[in-house]
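Asks: Pasting the sequence and the predicted model now:
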Amino acid sequence: MTALDLIGGIYGLNPKSRMLPRRLLSSAVKVASRRNFAAAAGLPVSEGAPAALPQEPRVVSSKVNALVDEIANLSLLEVSDLNWALKKRLNIPDAPMMSPGMMMAAMPAAAAAPAEAAAAEDVPQKMTFKVTLAKFDDTKKIALIKEIRNIIPGLNLVQAKKFVETAPCTVKEDMGKAEADELAALLTKAGATCEIA
């Protein structure tokens, strides 16, 4: 006897005639398979009466009551510290644990969170910088020309001299903040006055 024959016997229909709705068919297969398993295992097939709820109130120790009173009297910052300390002591990850149903309900809120974060970060932050040679000390002109030759590849001595004399001019652009600060310090040491923009 197959599950389809069993279903036909339960509902009085021929399941091979496709008269059963698909949803009804799948739930009937589940019920039939549970009953067959329970009967084979020697378990009672009927569900029986539900267990009664406990009638007596829960007795809590005085130690737990004292902890509850102390926690209830903590400030918000102290509760945050307690939360952090318990997570660290018990090795609990920071990620919240959610059931699949809660995750589905939280997905619209999670989709809105990046939009709010993007709105907060709309202020553009400068990522690339350029170093400009504003002016230079005439007494240190030769040292500055040599330094410009080292910084800008392919310049000969005459080109480096003309470059320095055309100040204000851009020495280098499209570099990070740290590299721009380093280059400006190098040129300042050689006798130049630099601007980072």
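Replies: Arrived safely, thanks for sending.
Asks: And the helices in this protein, which stretches?
Replies: Along the chain, counting by DSSP state H, helices occupy 3-11, 22-41, 62-72, 76-90, 100-120, 141-151, 157-165, 177-189.
Asks: In contact with residue 179: list those residues for me.
Replies: Contacts for residue 179 (CB atoms under 8 Å, 6 or more residues apart in numbering) come out as residue 129. Placement of C-beta: from N, CA and C, glycine included.
Asks: low pLDDT regions in this protein?
Replies: Applying pLDDT under 70 to the chain picks out residues 1-47, 96-123.
Asks: one more time with 50
Replies: Scanning the chain for pLDDT under 50 picks out the ranges 15, 18.
Asks: okay, now the spatially closest residue to residue 169 that is not a sequence neighbour: neighbour count?
Replies: Excluding the flanking residues, the one nearest residue 169 by CB to CB, 6 or more residues apart in numbering is residue 133, at 5.5 Å. The local packing of residue 133 (other CB atoms under 10 Å) involves 22 other residues.
Asks: what about residue 133, distance to residue 184?
Replies: Distance, residue 133 to residue 184, by CB to CB, to the nearest Å: 10 Å.
Asks: list residues touching both of the two?
Replies: Joint contacts of residue 133 and residue 184 (CB under 8 Å, 6+ apart) are residue 194.
Asks: Can you give me every residue that contacts the residue nearest to residue 169?
Replies: When contacts are counted by CB under 8 Å, 6+ apart, residue 133 touches 148, 164, 167, 168, 169, 170, 171, 187, 192, 193, 194.
Asks: Which residue, other than its chain neighbours, is closest to the third one?
Replies: Which is residue 167. Nearest residue to residue 167, sequence neighbours excluded (CB to CB, 6+ apart): residue 133, at 4.9 Å.
Asks: how about TSV for the contacts of residue 133, with distance to residue 84 and neighbour count added?
Replies: Converted to TSV, the contacts of residue 133 look like this (distance: CB to CB, whole Å; neighbours: other CB atoms under 10 Å):
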residue	distance to residue 84	neighbour count
148	53	23
164	57	22
167	55	15
168	53	11
169	54	12
170	49	11
171	48	22
187	47	22
192	50	25
193	49	15
194	45	21
